[in-house]
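Peer 1: turn this into a structure:
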Amino acid sequence: MPPPFHIFNKDSKLSNLLANADKIFKENNKAVVVVVTYNAKGKPISQGSGFIVRPDGAVITNYHVISNAVDIAVKAGDKVLKVEGLLYIDKENDLVILKIKGKELPTAAAAVNNEDLTL
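Peer 2: Below you'll find the predicted structure:
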């Protein structure tokens, strides 16, 4: 029986994809944030990642991360930023866009070509 996975060599498309992932991370890591949610007693109840998509503070994360929150904070580097509101909610696709207080924030700008994802 063959193994349940394929072993790729250094010249494979997977290696190229991983190199692209490393490049994307290096170019965008300052825009990656941690979203922390709190209950009514101020205790943390969940945490997830997200990324800043506009310099004025629009952050994309997963809806399930914030769904039971009374309060939400976003950690960007060494700063903790308050969430001013929700700009967009899509429960079906598990997405939400938060608005954090900030100006001239670093944004994620990478896009992946669909051909890069073909293994």
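
Peer 1: find the centremost residue of the protein, please.
Peer 2: The centroid of the chain falls nearest to G50 when counting by CA atoms, centre = their mean (2.6 Å).

Peer 1: shouldn't that residue be in contact with A58?
Peer 2: No: taking CB atoms under 8 Å as the definition, G50 is not a contact partner of A58, at 10.1 Å. In this view, the C-beta of every residue, glycine as well, is placed from N, C-alpha and C.

Peer 1: find residues that contact each of those two.
Peer 2: L98 (CB atoms under 8 Å, 6 or more residues apart in numbering).

Peer 1: follow-up on the earlier one: distance check, the residue nearest to the centre of the chain against A19.
Peer 2: Going from G50 to A19 by CB to CB, to the nearest Å gives 24 Å.

Peer 1: same question, K99
Peer 2: K99 is 34 Å from A19, by CB to CB.

Peer 1: pick out whichever of those two has more residues nearby.
Peer 2: Neighbour totals were compared for K99 and A19, and K99 leads with 17 against 10 (other CB atoms under 10 Å).

Peer 1: okay, now the sheet partners of the host helix or strand of I89, with direction.
Peer 2: Remark: I89 resides in strand 79-90, with elements defined by DSSP states H and E. Neighbouring strands of strand 79-90 in its sheet, by DSSP bridges, are strand 71-76 (antiparallel), strand 95-100 (antiparallel).

Peer 1: make a markdown table out of those and add distance to A109 and mean pLDDT.
Peer 2: Shown next, in a markdown table, are the strands paired with strand 79-90 (distance: least, CB to CB, whole Å; pLDDT from 0 to 100):
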| stretch | distance to A109 | mean pLDDT |
| --- | --- | --- |
| strand 71-76 | 16 | 96 |
| strand 95-100 | 16 | 96 |
